[in-house]
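*Asks:* Everything below, folded, please.
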Amino acid sequence: MSEYAIVAPEDFDESVFRLIGKEWMLVTAKNKEGKVNTMTASWGGFGVMWGKNVAVTVLRPQRYTKEFIDQTDSFTLSFYDDTFKKDLSYLGSVSGRDEDKISKTRLTSTDANGIPYFEEAKIVLICKKLYAQPMDPAGFTEAGRELDGEWYPEKDYHVLYAAEIEQILVRQDG
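*Replies:* Got it, this is the predicted structure:
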């Protein structure tokens with residue numbers, strides 16, 4: 001089992017652009033029946049809203065993991081070193097509706113107070129859901145209208161989730 005240090009959000013100095021945009025993250029939650037599901041994501045951010053340290057992520061309505069996020073108050077965002085890129089790619093391309101996709105990776109499920117993540121993570125953000133809002137295509141500005149056609153040809157707009165970062169765990173055992 002990995003050893004983690006708890007890092008205060010104001011002391012967390014990793015590049016969100018590298019972590020989310022280049023290395024990707026897993027969004028992981030447990031449903032009411034106790035089943036865990038995860039998906040790979042490369043869109044999101046960290047910041048401050050409502051006087052709280054928050055993480056923002058977006059999920060398309062057809063994603064199975066969205067059903068899990070909608071059934072719970074808490075979820076995790078976790079990050080991995082490059083040796084897990086193939087696993088993250090697989091988890092982002094196969095649905096947990098169709099198979100037990102986690103069992104086909106090298107990841108080991110664990111939890112923090114019942115909130116699931118994976119032992120192999122180098123960084124884990126334990127998040128409490130504060131806000132969920134479907135994206136509205138009318139919100140695209142003139143400069144952003146081309147994004148609607150490029151990213152939403154099926155009109156399957158993401159749901160934006162803002163969550164308080166309750167704890168950041170950083171792996172200490174290499």
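
*Asks:* contacts, neighbours, all on C-alpha from now
*Replies:* Will do.

*Asks:* Can you pull out the low-pLDDT segments for the protein?
*Replies:* Within the chain, the stretches with pLDDT under 70 are 1-2, 174.

*Asks:* Would you mark the buried spots in stretch 62-70?
*Replies:* By neighbour count with 16 or more other C-alpha atoms under 10 Å, stretch 62-70 contains the buried residues 64-69.

*Asks:* How far does that stretch sit from its chain's centre?
*Replies:* Chain-centre distance of stretch 62-70: 11 Å, with C-alpha atoms, centre = their mean, to the nearest Å.

*Asks:* returning to what we had before: the buried residues of stretch 62-70 into CSV, with extra columns for distance to Cys127 and secondary structure?
*Replies:* Below are the buried residues of stretch 62-70 laid out as CSV (distance: C-alpha to C-alpha, whole Å; DSSP: H, G, I helix; E, B strand; the rest coil):
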residue, distance to Cys127, secondary structure
Tyr64, 19, helix
Thr65, 15, helix
Lys66, 15, helix
Glu67, 16, helix
Phe68, 14, helix
Ile69, 11, helix
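
*Asks:* Which one of those is nearest to Arg145?
*Replies:* Checking those against Arg145 by C-alpha to C-alpha gives Lys66 as the nearest, at 25.4 Å.

*Asks:* Please pick out the residue of this protein most distant from its centre.
*Replies:* Centroid-distance maximum for the chain: Glu142 at 29.2 Å, with C-alpha atoms, centre = their mean.

*Asks:* Dihedrals phi and psi, that one?
*Replies:* Torsion angles at Glu142 (phi, psi; degrees, to the nearest 10) stand at phi -60, psi -40.

*Asks:* Please compute how far stretch 109-118 lies from its chain's middle.
*Replies:* The chain centroid and the centroid of stretch 109-118 are separated by 14 Å, computed with C-alpha atoms, centre = their mean.

*Asks:* now swap in stretch 83-101 and tell me
*Replies:* How far stretch 83-101 lies from its chain's middle: 14 Å, per C-alpha atoms, centre = their mean.

*Asks:* How about residues contacting that stretch?
*Replies:* If you take C-alpha atoms under 8 Å, 6 or more residues apart in numbering as the criterion, stretch 83-101 is touched by 23-26, 37-41, 63-65, 102, 105-107.

*Asks:* List the ones among those that fall in strands.
*Replies:* In this view, these that belong to strands under DSSP state E are 25-26, 37-41.

*Asks:* could I get the residues you listed as CSV with distance to His158 and neighbour count?
*Replies:* As requested, these are arranged in CSV below (distance: C-alpha to C-alpha, whole Å; neighbours: other C-alpha atoms under 10 Å):
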residue, distance to His158, neighbour count
Met25, 17, 26
Leu26, 16, 24
Asn37, 18, 26
Thr38, 17, 30
Met39, 14, 26
Thr40, 14, 23
Ala41, 12, 21
